[in-house]
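# structural data only, the sequence is not supplied:
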């Protein structure tokens, strides 16, 4: 195979593996998970770190898909390429571009949950105590 085709395949495999790693890291940082619940700042940093890895995985997929799309476009408009061997943009390229953009967008949303200096959760308060009834309560 051509070197550019091998590189695009390697980038896509790297994007898939980075996406899996980012998913496990981001799940660890979710607020609903019991893992690391004693330190909320570290938990939020895990979510942000997962978001950064998602963005890197999305960029790898975007570069690979765009690189192959450029190769297809150049071969299509090359006058020396026979007509019966010309490729066109297929659904896989459009799915790759859409998936890469959604992964980048999801990683950006995870990065927006940056931790503050202290925990962003409000302090827990108990329920207010009811005042004793005066006997004049009307329905």
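Yep, that arrived. In this text, all values refer to a predicted model and were calculated from it rather than measured experimentally.
# CA atoms for contacts and neighbours, from now on please.
Noted.
# and the next element down the chain from the lowest-mean-pLDDT helix or strand in the chain?
Using mean pLDDT, DSSP states H and E, helix 40-77 stands out as the lowest-scoring helix or strand of the chain, at a mean of 93. Next in sequence after helix 40-77, counting helices and strands by DSSP states H and E, comes helix 91-111.
# may I see the buried residues of the least confident helix or strand of the chain?
By neighbour count with 16 or more other C-alpha atoms under 10 Å, helix 40-77 contains the buried residues 40-41, 43-69, 72, 75-76.
# what's the answer for stretch 16-36, then?
16, 18-20, 22-23, 25-30, 36.
# mind picking the lowest-pLDDT entry from the residues you listed?
On pLDDT alone, residue 36 ranks lowest of the buried residues of stretch 16-36, at 77.
# please name the nearest non-neighbouring residue to it.
Spatial nearest neighbour of residue 36, excluding adjacent residues (C-alpha to C-alpha, 6 or more residues apart in numbering): residue 43 at 6.1 Å.
# so what's that neighbour up against?
Taking C-alpha atoms under 8 Å, 6 or more residues apart in numbering, we find residue 43 in contact with 28-31, 36-37.
# show only the entries of those found in helices.
residue 28 (DSSP state H).
# residue 35 reaches residue 27, doesn't it?
No. With contact defined as C-alpha atoms under 8 Å, residue 35 and residue 27 do not form a contacting pair (9.4 Å).
# quick one: which of the buried residues of stretch 16-36 is nearest residue 88?
residue 16 (24.7 Å; C-alpha to C-alpha).
# what residues does the closest one make contact with?
residue 57.
# rewinding a little: let's have the buried residues of stretch 16-36 in a markdown table, adding distance to residue 96.
Shown next, in a markdown table, are the buried residues of stretch 16-36 (distance: C-alpha to C-alpha, whole Å):
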| residue | distance to residue 96 |
| --- | --- |
| 16 | 12 |
| 18 | 15 |
| 19 | 14 |
| 20 | 16 |
| 22 | 18 |
| 23 | 18 |
| 25 | 23 |
| 26 | 22 |
| 27 | 24 |
| 28 | 27 |
| 29 | 27 |
| 30 | 27 |
| 36 | 34 |
